[in-house]
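In: next comes the sequence, and after it the predicted model I'd like to discuss.
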Amino acid sequence: MLEAFIYIAVIALITGTVLPLLYSSKKSRKASFGLSFVSSIFLLVFAGTILYTGEESVFPAIRFIPGLDFTLTADRLSGGFILLIAAVVSGVSIYSVEYVEHAKSEARKDLQAALTNLFILAMMMVVLAGNMVCFLVFWEIMSLSSLMLVLHDYFSEENKKAGLFYFIMTSLSTAFLFMGFISLFKLTGSAEFGSLNYPASDLTLPFLCLFTGFGIKAGLVPFHKWLPYAHPAAPSSISALMSGVMLKVAIYGFLRFLLSISTPELWWGTLILIAGSLSAVLGVIYAVKESDIKRLLAYSSIENIGIIFTGIGLYLIFKLEGVESLALLSLAGACFHAFNHALFKSLLFLGAGSVVHATGTRNIEAFGGLIKRMPHTTTLFLIASVSIAGLPPTSGFVSEMMLFQAYFYSSALPDPLLKVLLIITLSVLALTSALAAALFVKLFGITFLALPRTRCAQEATEVPKPMLLGEAMLAIFCILSGLFSSRILALLDFDLGIPDMLLLGLILVGTCGLVRIAVRNSGPSKTRTSKETWGCGILDQLPTMEYTSAGFSEPLVVIFKKIYRTEISSTRTYSDTKESIFNSGTAKIHLIKFFQERLYLPVAYAVSLISSQVSRMQNGKLDTYVLYVFIAVLTLMTFTRYFA
Amino acid sequence: MNASFLLFTLLNTGFILLVSPLFMSLIKKVKAYAQGRKGPSLLQNYLDLRKLIQKEVVYSPNSSGIMRVTPYLNLAVLLLASLFVPVVFIPDAPAGIGNIIVFLYLLAIERFFTALCGLDAGSSFGGMGSSRLMSLSAVIEPTMVIAFAALAYVLRTVNFHEMFAITAGSTIPESPTLTLISISLFIIIIVETGRIPVDNPATHLELTMMNEAMILEQSGKNLALIELTHAVKQTILMAILINVLVPWGLVTKLTFAGLAVSCLYFLLKASLLAGLIGLFESSIAKMRLFRLPSFYMMAFFFSALTILMEVFA
């Protein structure tokens, strides 16, 4: 019965993919997004039931070629991630109905609608995949459909570069996954996902390959560089899906592998924890300096992925040290944070899309005063900002609190050295979450408050209703998942002893009301007047007097200047020999993109060096190739004769 | 929700609201004496609040709803936070009230919205204040979390109510390591309430302003609420330090006599602490903004030391 929901969703998504390609019209695009919305509702019901009952549902295998079966299964882990996909898709599909109409040409609009459906379908199937073949096939469809969406504006130089970057990174990720899965297959002799009862030493290679592969796709430092390129290039609704859902699909894949291992090793947990903490803090530190709204959000995704990996690392460590309750708390925290991050980050990307649509620029320095021009977008953006900054009683707070709580109870660990590691990573997590708050004060404050800084912000108007409706949908999910967090977790049989946010929220609202009433009735005067902002006696306040985004982050840039690594070089010439009368000179401040310049480019140069050598062998003459074949056969024969 | 907790809500919040302005005045008085002045009367803050609350509110036309909601929200948040720190007696609270992580993030709400308020009117002072506040609070956050984690390590719970129930039962600090945490807690009070050497509450010079810069646009009732919020925050933070270091007098059971003793003891201890803060402020100069992270490192060091001692003990 329940399986039918999945079949309906699949059929709806396939129809949604084909429809706009067959009939190019506004109506068919509308229908296409309508179908993705319908599929999301079916998926919501399906995932909710699976999560609640905890039943495993196995679909009949589909056989394409003998020996290559496609099997689909759904258990609670995949149910949780299906729920995440469905929740985000429901909002994004409503938003896209109107948003897609702003693309440049009819063909692009159709393509965007079709590919969005395909992308959603692929992500859903990856999560439902029951064996490696199925997983990898849909993983590739997911990567390629998102690549085409990133490249939607294919004439722009910037987008081409972003697309190429994304393509290389995602291929690298798939290559590592292939290696990981093949080595697993060699070990088990089966392509099915199942529990792995093997000595840890045999699993080291698959672990490292899969960690790297999924890490690249999830945007873990130092493989994160594709995110800040791909997200600004893609349309905002796609950024929302990529950042909100696709990164989580990578997390899902990693968890699926990790949870099936009965004998992990401690250093795995330590590695994951350190990589996670590093990603979290570096992601947010880079984000603080950014003034491109979508790139900033991309860096913030890196931060949150780091937090999720921190949770996974803690889970492994606690589990191996035998502290089951804390292990469960960390794992639940990581999964819940993945869910929450999907909601508020896609909401933020949709909001950013609205702002970019209304103003025509992605530069934060050009915004300002949008709260008066786009009040609804502002409210929705504020909800997401408060959540991602981790303020109670929102969902972002709850998941971070679960990790903090696990850390605070870590005195239960027997190993002192591990405790020291946990203290260090705890302070890193604290720094991350406080910097995230600073980041979103900056983003929200500079974008929406005070006076508009440029003409384009001055003339911005509120976006059409469907876009607001899509955002509102996500905002509601976001609020509900925060307020009812402890109830939801209790419903799923996770008894974690976390504070009830509903109670806190109610007390907060109640107190707010009481204060309001108390103040209203005190004092004789109730009038309000309006006078210009005080500026030391200046009568007219100009937007140029406002704090800018760069100005806001300046103190943090100074404090963390070691991490930003700027290079200042200057040359001067003097008119006299004693170098006292300055003649002319140049000065340059260069921001070193550390990972790009010190890690990516050397590798890229090495690869291109080798390939340029190899390409010499290609001369286009038939006899040369015959010679190659001859040499190859000879080598093989010698090899089989003497070594095999 | 039981009767004990409801009563606690009224008594604790009422008591904190009532005495908070007093400690603000007290610090001013001590500072004035240290400078050879007489200083304002101890009731001056109450009078100021009464005056402000009767005045109309002036808004900048650039400002938005954020400016209008924040004063109410922030006071409500701090009052909610005051439920987490018992000073009159330790009630039988519902689960989650008293959680130190929630407490830390309630303070973060106040910071977040105050900073947004600073940006709201579009004044360069406000922006400067918000930028500095958010930057420095990001740097102090690891220290705060580690200090609270140290508390949780030593007392083996993450709930203030349970912690204080443990400390209140003993006459000397439960563990010598708590004394070390107290140093961190003291620095946290100085930082969070914006006192010298971090910020100067008595200044209106743009070079030294942080908190004052953000509330420059506030007036009338809203300013009164903000001043009160600030005072409540200071009292709560002081109460944490007092209950950790010198917990004598805090009763765990509700009796009329016990309540009076609790209140009286708290008033006495908090007054002494306020005097100490005043002296501390008078004895050092305001630090340069970018020297502050190293000041914070000191607090970080003490808390980390505490945890390490517990770890290797």
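Out: The structure has been received and is ready for your questions. Numbering: from 1, shown residues only, chains lettered A, B, ... in the order given.
In: now the strands for the chain?
Out: Picking chain A for this. Using DSSP state E, the strands of chain A run over A:57-58, A:62-65, A:68-70, A:73-74, A:528-530, A:566-574, A:582-591.
In: the chain in question should be chain B.
Out: Counting by DSSP E, the strands of chain B are B:57-59.
In: quick one: mean pLDDT for stretch A:372-385?
Out: For stretch A:372-385, the mean pLDDT works out to 95.
In: in that stretch, what's buried?
Out: Buried residues in stretch A:372-385, counted by 16 or more other CB atoms under 10 Å in any protein chain shown: A:372-374, A:376-385. Quick note: C-beta positions are derived from backbone N, CA and C, even for glycine.
In: ok, back up a step: redo the strands of chain A as CSV? Include mean pLDDT and distance to chain B.
Out: Output for these, formatted as CSV (pLDDT from 0 to 100; distance: least, CB to the nearest CB, whole Å):
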stretch, mean pLDDT, distance to chain B
strand A:57-58, 78, 35
strand A:62-65, 71, 48
strand A:68-70, 78, 45
strand A:73-74, 88, 33
strand A:528-530, 72, 5
strand A:566-574, 83, 16
strand A:582-591, 82, 19
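In: pick the most deeply packed of these.
Out: Of all the strands of chain A, strand A:73-74 has the most neighbours on average by mean count of other CB atoms under 10 Å in any protein chain shown, namely a mean of 21.
In: residues in contact with it: which ones?
Out: Applying CB atoms under 8 Å, 6 or more residues apart in numbering or on different chains, the external contacts of strand A:73-74 come out as A:6, A:46, A:50, A:56-59, A:82, A:128, A:130, A:193.
In: from chain B, how far off is A:I308?
Out: Going from A:I308 to chain B by CB to the nearest CB, to the nearest Å gives 18 Å.
In: and the gap between that residue and A:F214?
Out: Using CB to CB, to the nearest Å, we find A:I308 at a distance of 11 Å from A:F214.
In: max pairwise distance over the buried residues of stretch A:372-385: which two?
Out: A:K372 and A:A384 (19.6 Å; CB to CB).
In: next, count neighbours for residue 136.
Out: No chain in the question, so chain A it is. For A:L136, the neighbour count with other CB atoms under 10 Å in any protein chain shown is 17.
In: wrong chain, I was asking about chain B
Out: B:L136, neighbours per other CB under 10 Å, totals 25.
In: list the residues that contact the closest residue in space to it that isn't next to it in sequence.
Out: Closest residue to B:L136 apart from its sequence neighbours, by CB to CB, 6 or more residues apart in numbering or on different chains: B:L292 at 5.9 Å. Listed by CB under 8 Å, 6+ apart, the contact set of B:L292 reads B:136, B:139, B:197-198.
In: okay, B:L292: pLDDT?
Out: 87.
In: and it, how close does it get to B:S303?
Out: In terms of CB to CB, B:L292 sits 17 Å off from B:S303.
In: could you do A:L542 as well?
Out: 45 Å.
In: what residues does the stretch 151-300 of chain B have near chain A?
Out: Within the stretch 151-300 of chain B, the positions near chain A by CB under 8 Å from any CB of the partner chain are B:152-153, B:156, B:158, B:216-217, B:221, B:224-225, B:289-290, B:293, B:300.
In: for those residues, which one is nearest B:L47?
Out: B:A224 (11.4 Å).
In: tell me the predicted confidence for the residue nearest to the closest one when sequence neighbours are not counted.
Out: In this structure, B:A224 finds its nearest non-sequential neighbour in B:L52, 3.7 Å apart by CB to CB, 6+ apart. You'll see B:L52 listed with a pLDDT of 91.
In: B:L52: neighbour count?
Out: By the criterion of other CB under 10 Å, B:L52 has 21 neighbours.
In: check contacts around it.
Out: Counting by CB under 8 Å, 6+ apart, B:L52 has contacts B:220-221, B:223-224, B:227.
In: so what pLDDT did the residue of the stretch 151-300 of chain B found nearest chain A get?
Out: Nearest to chain A in the stretch 151-300 of chain B, going by CB to the nearest CB, is B:A152, at a distance of 4.2 Å. At B:A152 the predicted local distance difference test score is 89.
In: same question, the one 3 residues further on
Out: In the predicted model, B:L155 carries a pLDDT score of 85.
In: what's the answer for B:N243, then?
Out: In this model, B:N243 is scored at 89, pLDDT.
In: now swap in A:E532 and tell me
Out: 77.
In: measure it to B:C117 for me?
Out: 17 Å.
In: and the two? which has more neighbours close in?
Out: B:C117 (29 against 16).
In: give me the neighbour count for residue 310.
Out: Going with chain A. 32.
In: wrong chain, I was asking about chain B
Out: Count around B:E310 with other CB under 10 Å applied: 17.
In: gap between it and B:P176?
Out: 11 Å.
In: report the contact partners of A:T212.
Out: Counting by CB under 8 Å, 6+ apart, the residues that A:T212 touches are A:176, A:223.
In: make that B:L180, sorry
Out: By CB under 8 Å, 6+ apart, the contact set of B:L180 is B:150, B:302-303, B:305-306, B:309.
In: ranges for the helices of chain B?
Out: With DSSP state H as the criterion, chain B has helices at B:3-34, B:44-53, B:65-82, B:100-120, B:124-155, B:160-168, B:177-192, B:211-214, B:220-245, B:256-283, B:292-312.
In: the third one packs against which elements?
Out: Contact analysis of helix B:65-82 by 3 or more CB pairs under 8 Å, 6 or more residues apart in numbering or on different chains; DSSP states H and E lists helix A:501-520, helix B:3-34, helix B:100-120, helix B:220-245 as its packing neighbours.
In: need the CA coordinates for the third one. CSV is fine.
Out: Presented in CSV, the C-alpha positions along helix B:100-120 are these (Å, rounded to 0.1, in the frame of the first residue of the first chain):
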residue,chain,number,x,y,z
ILE,B,100,22.8,26.2,30.9
ILE,B,101,22.9,25.9,27.1
VAL,B,102,19.5,27.5,26.7
PHE,B,103,20.6,30.2,29.1
LEU,B,104,23.7,31.0,27.0
TYR,B,105,21.6,31.3,23.9
LEU,B,106,18.9,33.4,25.6
LEU,B,107,21.7,35.9,26.1
ALA,B,108,22.5,35.5,22.5
ILE,B,109,19.0,36.5,21.5
GLU,B,110,19.4,39.7,23.4
ARG,B,111,22.7,40.4,21.6
PHE,B,112,21.3,39.5,18.2
PHE,B,113,18.4,41.9,18.4
THR,B,114,20.3,44.7,20.1
ALA,B,115,22.8,44.5,17.3
LEU,B,116,20.0,44.6,14.7
CYS,B,117,18.6,47.6,16.5
GLY,B,118,21.9,49.3,16.2
LEU,B,119,21.8,48.9,12.4
ASP,B,120,18.1,49.8,12.1
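In: who touches the residue lying closest to B:K38 once chain neighbours are set aside in this structure?
Out: Setting aside the residues directly before and after it, B:K38 is nearest to B:A32 in space (CB to CB, 6+ apart), at 6.3 Å. If you count contacts by CB under 8 Å, 6+ apart, B:A32 has them with B:38-40.
In: count of residues packed around the closest residue to A:L241 other than its chain neighbours?
Out: Excluding the flanking residues, the one nearest A:L241 by CB to CB, 6+ apart is A:V92, at 5.8 Å. Burial of A:V92 is recorded as 31 neighbouring residues (other CB under 10 Å).
In: per-residue confidence for residue 72?
Out: Because you didn't say which chain, this covers chain A. For A:L72, the pLDDT comes out at 86.
In: that was the other one, I meant chain B.
Out: Reported pLDDT for B:Y72: 94.
In: I'd say it and B:A224 touch.
Out: No - B:Y72 is beyond contact range of B:A224, at 11.5 Å (criterion: CB atoms under 8 Å).
In: where does chain A dip in pLDDT?
Out: A:64, A:67, A:523-528, A:644 (pLDDT under 70).
In: got the domain boundaries for it?
Out: Using automatic domain parsing, the domains assigned to chain A come out as A:1-188, A:336-504+A:546-561, A:595-642.
In: most tightly packed of those domains?
Out: Across the domains of chain A, averaging neighbours per residue (mean count of other CB under 10 Å) puts domain A:336-504+A:546-561 on top, at a mean of 22.
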